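In: coordinates only, sequence not included:
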């Protein structure tokens with residue numbers, strides 16, 4: 001994503017956007033953290049070791065709750081991915097794109113949208129209030145990952161090697177009120193049931 005051929009003005013604008021988003025979340029009380037970014041593409045091939053952003057600081061757990069002023073300083077003069085620690089203010093359920101689309105439709109139909117971020121690797125993040133657990137139907141799936149206490153998520157516009165994280169549903173749509181975790185979990189379980197029925201019908205028809 002951070003192409004070496006980018007003009008300096010583009011790089012500067014992108015860094016400013018990341019910093020602005022980080023400051024906005026930090027002032028709302030979200031536990032913002034600076035994350036690593038992919039190395040610039042130099043023409044010698046992509047960095048195949050890159051998967052997703054990780055915290056820059058090894059002691060990131062100790063930095064959760066840092067004042068917004070200090071958090072803003074992390075993003076001044078340098079490009080970092082925008083990470084948010086989960087488990088205190090926000091949790092997230094990470095799913096594949098197909099399940100994400102089905103769940104998003106169900107939430108929209110019910111008139112209860114949830115903030116949803118999509119990553120360039122085809123994974124979707126449903127943001128919720130913190131929870132103690134997730135339903136067994138979700139926990140047993142390798143394709144579903146719960147980001148609770150001790151975890152973190154990348155938020156827009158964090159760069160990946162081939163794109164940036166973007167909002168499918170912005171928090172503003174919910175008035176910055178995160179949906180209850182149980183409600184979103186239940187919708188994901190319903191979406192999973194719909195997905196399995198659809199797969200069964202397709203298999204039978206074949």
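Out: Ah, there it is. Worth saying up front: this structure is predicted, and the values here are computed from it rather than measured.

In: my read is residue 84 is in a helix, agree?
Out: No. Assigned with DSSP: H, G, I helix; E, B strand; the rest coil, residue 84 falls outside any helix and is strand.

In: So what pairs up with it in the strands?
Out: Note on residue 84: beta-bridge partners by DSSP bridges are residue 32, residue 153.

In: Quick one: mean pLDDT for stretch 51-62?
Out: Mean pLDDT, stretch 51-62: 92.

In: So which bits of that stretch are buried?
Out: For stretch 51-62, the neighbour count (16 or more other C-beta atoms under 10 Å) marks 52-53, 55-56, 60 as buried. Where C-beta positions appear, they are placed from N, C-alpha and C, glycine not excepted.

In: cool, stretch 108-121 as well?
Out: For stretch 108-121, using 16+ other C-beta under 10 Å, the buried residues are 114-120.

In: Count residues in the vicinity of residue 20, would you?
Out: By the measure other C-beta atoms under 10 Å, the count of residues near residue 20 is 13.

In: how near is it to residue 30?
Out: From residue 20 across to residue 30, the span is 14 Å (C-beta to C-beta, to the nearest Å).

In: again, but for residue 147
Out: 13 Å.

In: burial measure for residue 68, as a count.
Out: Around residue 68 there are 17 residues (other C-beta under 10 Å).

In: Can you name the residues that contact it?
Out: Contact analysis of residue 68 by C-beta atoms under 8 Å, 6 or more residues apart in numbering lists 23, 26-27.

In: ranges for the strands of this structure?
Out: Listed in chain order, the strands of the chain (DSSP state E) span 32-35, 81-86, 91-96, 116-118, 123-128, 145-147, 151-154, 159-160, 163-164, 166-169.

In: what's the most buried one of those strands?
Out: Greatest average neighbour count among the strands of the chain goes to strand 32-35 (a mean of 26), per mean count of other C-beta atoms under 10 Å.

In: gap between it and the chain center?
Out: From the chain centre to the centre of strand 32-35 is a distance of 12 Å (C-alpha atoms, centre = their mean, to the nearest Å).

In: neighbouring contacts of it?
Out: By C-beta under 8 Å, 6+ apart, the list of residues contacting strand 32-35 from outside reads 22, 25-26, 53-57, 60, 63-64, 66, 71, 74-75, 80-85, 152, 154, 158.

In: same question, stretch 158-175
Out: The contact list for stretch 158-175 (C-beta under 8 Å, 6+ apart) reads 1-2, 14, 18, 35, 37-38, 41, 46-47, 50, 52-53, 79, 81-83, 100, 104, 113-121, 124, 127, 154-157, 178.

In: who wins for proximity to residue 193 among the strands of the chain?
Out: Closest to residue 193 of the strands of the chain is strand 91-96 (C-beta to C-beta; 13.9 Å).

In: Could you give the number of residues near the closest residue to residue 178 other than its chain neighbours?
Out: Of all residues not flanking residue 178 in the chain, residue 129 sits nearest, at 4.9 Å (C-beta to C-beta, 6 or more residues apart in numbering). Around residue 129 there are 15 other residues, counting by other C-beta under 10 Å.

In: try residue 25
Out: Around residue 25 there are 21 other residues, counting by other C-beta under 10 Å.

In: Model confidence score at the residue nearest to it when sequence neighbours are not counted, please.
Out: Distances taken as C-beta to C-beta, 6+ apart put residue 32 closest to residue 25, at 5.3 Å, once the chain neighbours are dropped. For residue 32, the pLDDT comes out at 96.
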